[in-house]
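how would this look folded up:
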Amino acid sequence: MSGPMLGITGILVMFFILFVLRIPAAFTMLLVGFLGIAKATSLDAAFAMTGSELWNIFSSYGLTVIPLFILVGEIVHYAGYNNSLYHASYRWFGHHRGGLAMTTILASAAFSAISGSNTATAATMSAVAIPAMKEYNYHPLLNAGSVAAGATLGVLIPPSIVLVVYGLYTGQSIGKLFFGNVIPSVILTTLILLTVVWICRRHPEWGPSGPKSNWNERFAALPEALDILLLFGIIMYALFTGVVTATEAAAVSCFLALVICTARRKLTWKKLGGALVDTLRISCMVFMIVAGAVIFAKFLTITRLPYETAEWISALDLPRWMVLWVILLCYILGGCIMDALAFLLVSLPIFYPLVIQLGYDPIWFGQVITIVTTMGSIMPPIGICCYVVSGMSGIPLGTVFRSALYYIPSYVISIVVLMASPYWTVLVLSNLVK
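Coordinates of the predicted model:
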């Protein structure tokens with residue numbers, strides 16, 4: 001069997017194990033990668049190479065940024081800032097038609113800006129927002145869709161763990177990735193909000209107006225919400241100026257989160273313990289996915305499948321925009337059937353060299369595939385955010401998937417805008433980072 005054929009066989013075996021045996025993606029990639037390396041070389045070489053790669057991964061200083069950013073999100077979550085953000089957003093926007101749905105999306109965007117997790121945001125906002133929307137007779141399609149779509153912003157808005165891993169894997173500046181992500185995040189969030197407006201114009205009964213808050217109530221709700229904006233602003237300013245590295249910025253943000261939550265009397269020892277336990281669990285999951293993906297990528301590299309794929313596509317002499325759309329289609333399909341982070345790491349060894357060869361900017365490409373893969377988290381049949389919302393709210397899964405489909409055009413338009421103007425949407429800010 002030739003090298004590229006062995007690589008293709010390994011990919012097919014990996015998907016078979018994932019969907020038939022239902023072994024977690026991290027262990028599936030690790031197992032198939034190890035056996036593939038053994039088949040391509042020898043068993044001794046596979047043990048030596050796997051051991052060396054695992055040691056390099058788990059002893060890497062750069063990866064310490066991941067648990068630190070996760071810890072920030074867990075501290076904020078356990079301190080109850082999700083309720084504060086929802087309350088503040090509701091005071092300002094809840095009196096508009098569809099205002100509670102827009103409140104949910106804005107609160108999800110703010111909360112996910114710190115937590116960086118779509119599933120955590122989906123679970124949190126399902127518990128907080130859906131009961132409130134039911135109380136005001138919001139339609140289930142609007143309830144579920146706003147929570148599911150808002151939760152996807154957790155992968156997109158900095159400090160996104162997906163962007164951190166992408167930066168570490170490709171050797172790109174995390175600071176540049178975060179700042180390059182600011183405008184795409186604003187575009188997508190705005191389009192999702194406009195989708196709510198459009199839905200409520202077509203179906204006014206789906207999102208009735210809530211009671212209007214006076215100005216005193218609005219300003220009284222702001223201080224705790226501003227805590228999150230302050231924390232987010234400090235992280236971004238530190239990265240923008242180059243005063244600290246990404247790891248140091250994450251450590252500083254952890255300290256500030258502890259100080260703010262303690263000063264507000266929102267964090268007990270029990271809550272801190274819960275935040276640490278959840279951080280350990282999520283970090284281990286991410287590290288294992290990274291480890292499995294690196295071993296699987298090493299296997300693909302040995303088979304020369306990425307290089308052969310790039311040469312084959314180049315030989316087709318297609319316009320580079322057409323090649324890019326084929327790659328993005330693969331990411332959409334992959335995002336539907338696999339965790340966004342896992343599929344990203346599986347696919348990068350194949351597509352990243354090709355994208356660079358085509359002349360696309362790696363910072364810009366990171367933003368595009370982040371939007372594309374996170375779109376998969378609300379698309380059937382595996383959209384993880386939809387499963388979380390359904391499980392937390394009791395809304396039938398089919399209803400949640402139908403509601404999420406209303407928001408798919410927002411993602412498509414965002415991608416088209418990014419492709420039409422890479423500089424003004426991504427590079428204009430990322431190039432300013434020192």
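
Please make it C-alpha for all contacts and neighbour counts, starting now.
Fine.

Could you measure from the residue nearest to residue 287 when sequence neighbours are not counted over to residue 103?
For residue 287, the nearest residue in space outside its immediate sequence neighbours is residue 58; the separation is 7.7 Å by CA to CA, 6 or more residues apart in numbering. Residue 58 sits 40 Å away from residue 103 when distances are taken as CA to CA, to the nearest Å.

What about the residue nearest to residue 287, how many residues nearby?
By the other CA atoms under 10 Å criterion, the neighbourhood of residue 58 contains 15 residues.

Got the confidence number for it?
The model reports residue 58 with a pLDDT of 80.

Now do residue 54 against residue 61, distance only.
When CA to CA is applied, the distance between residue 54 and residue 61 equals 14 Å.

Which of the residues in the helix or strand residue 296 falls within are classified as buried?
Of the helices and strands defined by DSSP states H and E, residue 296 is found in helix 269-303. Of all the residues in helix 269-303, those buried under the rule 16 or more other CA atoms under 10 Å are 271-272, 275-276, 278-279, 282-283, 286-303.

With stretch 51-68 instead?
So for stretch 51-68, counting by 16+ other CA under 10 Å, buried means 53, 54, 57, 63, 64, 65, 66, 67, 68.

Output the below-cut-off pLDDT ranges for the stretch 1-150 of the chain.
Judged against pLDDT under 70, the low-scoring parts of the stretch 1-150 of the chain cover residues 1, 82, 110-120, 124.

Would you map the helices across it?
3-16, 25-40, 43-58, 65-78, 81-93, 99-115, 118-135, 140-156 (DSSP state H, counting those that start in this stretch).

Check which helices and strands the second one is in contact with.
Packed against helix 25-40 by the contact rule (3 or more CA pairs under 8 Å, 6 or more residues apart in numbering; DSSP states H and E) you find helix 3-16, helix 43-58, helix 269-303.

give me that answer again for 10 Å
Counting contacts by 3 or more CA pairs under 10 Å, 6 or more residues apart in numbering; DSSP states H and E, helix 25-40 packs against helix 3-16, helix 43-58, helix 269-303, helix 340-357.

Can you lay out those helices as a markdown table showing distance to residue 196?
Rendered in a markdown table, the data for the helices and strands packed on helix 25-40 read as follows (distance: least, CA to CA, whole Å):
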| stretch | distance to residue 196 |
| --- | --- |
| helix 3-16 | 36 |
| helix 43-58 | 43 |
| helix 269-303 | 32 |
| helix 340-357 | 25 |
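
closest to residue 140 out of those?
Comparing the helices and strands packed on helix 25-40 against residue 140 with CA to CA, the closest turns out to be helix 340-357 (26.3 Å).

Whatever helix or strand comes next after the closest one - what's its average pLDDT?
Following the chain from helix 340-357 toward its C-terminal end, the next helix or strand by DSSP H and E is helix 362-375. Per-residue confidence for helix 362-375 averages out to 88 on the pLDDT scale.

Beyond helix 362-375, next helix or strand please.
Per DSSP H and E, helix 362-375 leads on to helix 384-393 as the next helix or strand towards the C-terminus.

And that following helix, what's buried?
Of the residues in helix 384-393, those buried by neighbour count under the rule 16+ other CA under 10 Å are 384, 385, 386, 387, 388, 389, 390, 392, 393.

now stretch 160-178
Across stretch 160-178, burial judged by 16+ other CA under 10 Å covers 160-167, 172-178.

Likewise for stretch 353-370?
In terms of neighbour count (16+ other CA under 10 Å), stretch 353-370 has its buried residues at 353-355, 358, 360, 362-370.

cool, stretch 217-230 as well?
Applying a neighbour-count criterion of 16+ other CA under 10 Å, one finds 218, 221, 222, 224, 225, 227, 228, 229 buried in stretch 217-230.

Make a markdown table from these and add pLDDT, secondary structure and distance to residue 131 to it.
What follows is the buried residues of stretch 217-230, written out as a markdown table (pLDDT from 0 to 100; DSSP: H, G, I helix; E, B strand; the rest coil; distance: CA to CA, whole Å):
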| residue | pLDDT | secondary structure | distance to residue 131 |
| --- | --- | --- | --- |
| 218 | 83 | helix | 21 |
| 221 | 77 | coil | 20 |
| 222 | 79 | helix | 22 |
| 224 | 70 | helix | 22 |
| 225 | 74 | helix | 21 |
| 227 | 80 | helix | 25 |
| 228 | 76 | helix | 24 |
| 229 | 76 | helix | 26 |
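
between the residues you listed, which is closest to residue 203?
Checking the buried residues of stretch 217-230 against residue 203 by CA to CA gives residue 218 as the nearest, at 27.9 Å.

With adjacent residues omitted, what lies nearest to that closest one?
In space, and not counting its chain neighbours, residue 218 is closest to residue 91: 5.2 Å by CA to CA, 6+ apart.

Residue 431: how many residues sit nearby?
A total of 14 residues lie near residue 431 under the criterion other CA under 10 Å.

Who are the contact partners of it?
Residues touching residue 431, when contacts are defined by CA atoms under 10 Å, 6 or more residues apart in numbering, comprise 176, 177, 179, 180, 363, 423.

Likewise for residue 305?
When contacts are taken as CA under 10 Å, 6+ apart, residue 305 is in contact with 2, 3, 4, 5, 6, 7, 8, 299, 311, 349, 350.

what do you get for residue 57?
51, 63, 287, 288, 290, 291, 294.

try 7 Å this time
With contact set as CA atoms under 7 Å, 6 or more residues apart in numbering, residue 57 has these partners: residue 291.

who wins for neighbours among the contacts of residue 305?
Each of the contacts of residue 305 was scored for neighbours by other CA under 10 Å, and residue 299 scores highest at 30 neighbours.

Pretty sure that residue sits against residue 36.
Yes - when contacts are counted by CA atoms under 7 Å, residue 299 is listed as touching residue 36 (5.9 Å).

which stretches of the stretch 301-434 of the chain have low pLDDT?
314, 335-341, 381-382.

can you rerun that using 80?
Residues of the stretch 301-434 of the chain that meet the criterion pLDDT under 80 lie in 305-318, 330, 332-346, 349-350, 373, 376-377, 379-385, 387-388, 391-394, 434.

mind checking how far the residue nearest the centre of the chain is from residue 52?
Residue closest to the average C-alpha location in the chain (CA atoms, centre = their mean): residue 155, at 1.7 Å. Taking CA to CA as the measure, residue 155 and residue 52 are separated by 30 Å.

Also residue 327?
Relative to residue 52, residue 327 is positioned 31 Å away (criterion: CA to CA).

Kindly report the same for residue 198.
Noted for residue 198: a distance of 54 Å to residue 52, by CA to CA.

Also residue 76?
Noted for residue 76: a distance of 36 Å to residue 52, by CA to CA.

got JSON lines for the buried residues of stretch 217-230, with distance to residue 18 too?
Converted to JSON lines, the buried residues of stretch 217-230 look like this (distance: CA to CA, whole Å):
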{"residue": "218", "distance to residue 18": "49"}
{"residue": "221", "distance to residue 18": "46"}
{"residue": "222", "distance to residue 18": "45"}
{"residue": "224", "distance to residue 18": "43"}
{"residue": "225", "distance to residue 18": "41"}
{"residue": "227", "distance to residue 18": "41"}
{"residue": "228", "distance to residue 18": "38"}
{"residue": "229", "distance to residue 18": "39"}
